[in-house]
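Asks: prediction below, plus the sequence it came from.
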Amino acid sequence: MIKAKLLERIRLLLTSQAPAAVILIRLIVGAVFLSEGIQKFLYPHTLGAGRFAQIGIPRPDVMAPFVGVVEIACGSLLILGLLTRLAAIPLIIDMLVAITTTKIPILLKSGFWPMAHEARVDLSMLFGCIFLLTVGAGSYAMDRAISRRLQSVS
């Protein structure tokens, strides 16, 4: 009984009625996060711990690699369409922190339009992740295949 309820909850988490075109959003959002995560390791002084220290993130030596791993892992999951809704959650948090620590200071110092210009990618990524959290992975995704298998098991 407990196993059946757990399988049903997992299946519901993976189920998506979204159109196949969602793959386009998954691929671009996932690829940007994957790329940014890798770059935190390739260029630690400008995009990793050095950048985190510059903007006042505590323990930048720990937080930058942590965020890099989250971006690589969750970006990869989005590309695959695997655990899409769950992968979107840490990325939403990532974008909210990025906007709060880097774009709000621009807003307060320079005004709305300079902030809007600098925030365009962050906001696109945030809303892309919210979209994926809401609609799921779509037709062409590992989530769909797993959901179908779970449905045949129960």
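Replies: Perfect, I can see it now.
Asks: other SSEs contacting the helix or strand hosting Glu36?
Replies: Per DSSP states H and E, Glu36 falls inside helix 22-42. Here helix 22-42 is seen to pack against helix 60-80, helix 84-98, helix 112-135 when contacts are counted using 3 or more CB pairs under 8 Å, 6 or more residues apart in numbering; DSSP states H and E. All C-beta spots, glycine's among them, are computed from the backbone N, C-alpha and C.
Asks: can you list contacts of the very next helix or strand once past the longest one?
Replies: The reference is to helix 112-135. Next along the chain after helix 112-135, taking DSSP H and E as the criterion, comes helix 142-153. Here helix 142-153 makes contact (CB atoms under 8 Å, 6 or more residues apart in numbering) with 7, 10-11, 14-16, 80-84, 136-138.
Asks: in helix 142-153, what's buried?
Replies: Asp143, Arg144, Ile146, Ser147, Leu150 (16 or more other CB atoms under 10 Å).
Asks: nearest residue to the middle of this structure?
Replies: Per CA atoms, centre = their mean, the C-alpha nearest to the average position across the chain is that of Leu91, at 3.0 Å.
Asks: that one contacts Ser76, doesn't it?
Replies: No: the pair Leu91 / Ser76 is not scored as a contact, 11.5 Å apart, by CB atoms under 8 Å.
Asks: thinking again about what came up before, turn the buried residues of helix 142-153 into TSV, columns for pLDDT and distance to Thr102.
Replies: Formatted as TSV, the buried residues of helix 142-153 follow (pLDDT from 0 to 100; distance: CB to CB, whole Å):
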residue	pLDDT	distance to Thr102
Asp143	94	32
Arg144	92	36
Ile146	91	36
Ser147	88	37
Leu150	83	40
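Asks: from those, which is closest to Ile38?
Replies: Asp143 (23.9 Å; CB to CB).
Asks: next one: Leu83 from Ser76, what distance?
Replies: Using CB to CB, to the nearest Å, we find Leu83 at a distance of 11 Å from Ser76.
Asks: picking that back up, what sits against the residue nearest to the centre of the chain?
Replies: So Leu91 contacts Val29, Phe33, Val70, Glu71, Cys74, Gly75, Leu78, Met125, Cys129 (CB under 8 Å, 6+ apart).
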